[in-house]
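# Coordinates for the following, if possible.
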Amino acid sequence: MNADTIRTLIEHGLPGARADVRGDDGVHFEATVVADAFRGKLPLARHRLVYATLGERMGGEIHALALKTLTPEEAA
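Below is the predicted model:
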């Protein structure tokens, strides 16, 4: 697994989202995700939306993913 693949999965799974994903060891990653879909949602609900885009890869190919989830307004 690599950061570009994770970015693509997130951006395809959350239409209109922008993701910046980093991780050098292939199993531990950090991502900042900006999406309109986060508007009005608490952090846990935002994280669940991102995890849903990755499916069973979480806990398998992706051992850990630290998330920062923002609406476009929060990111500005």
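
# Can you tell me the SS state at the residue most central in space within the chain?
Centroid-nearest residue in the chain: Val50, 4.6 Å away (criterion: C-alpha atoms, centre = their mean). Secondary structure state of Val50, per DSSP: H, G, I helix; E, B strand; the rest coil, is helix.

# Just confirm it contacts Thr32, I think it does.
No. Counting by C-beta atoms under 8 Å, Val50 does not reach Thr32; the two are 10.5 Å apart. All C-beta atoms are positioned from the backbone trio N, CA, C, and that covers glycine.

# circling back: list the contacts for the residue nearest to the centre of the chain?
Contact analysis of Val50 by C-beta atoms under 8 Å, 6 or more residues apart in numbering lists Ile10, Leu14, Ala31, Val33, Leu65, Leu67, Thr69.

# Can I get those in a markdown table including neighbour count, secondary structure and pLDDT?
Formatted as a markdown table, the contacts of Val50 follow (neighbours: other C-beta atoms under 10 Å; DSSP: H, G, I helix; E, B strand; the rest coil; pLDDT from 0 to 100):
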| residue | neighbour count | secondary structure | pLDDT |
| --- | --- | --- | --- |
| Ile10 | 25 | helix | 97 |
| Leu14 | 22 | coil | 97 |
| Ala31 | 20 | strand | 97 |
| Val33 | 25 | strand | 98 |
| Leu65 | 21 | strand | 94 |
| Leu67 | 17 | strand | 97 |
| Thr69 | 24 | strand | 98 |
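
# Can you show me the helices along this structure?
Assigned by DSSP state H, the helices in the chain fall at 3-13, 43-54, 72-75.

# Dump the ones you listed into CSV; add distance to Gly60 as well.
Shown next, in CSV, are the helices of the chain (distance: least, C-beta to C-beta, whole Å):
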stretch, distance to Gly60
helix 3-13, 13
helix 43-54, 10
helix 72-75, 29
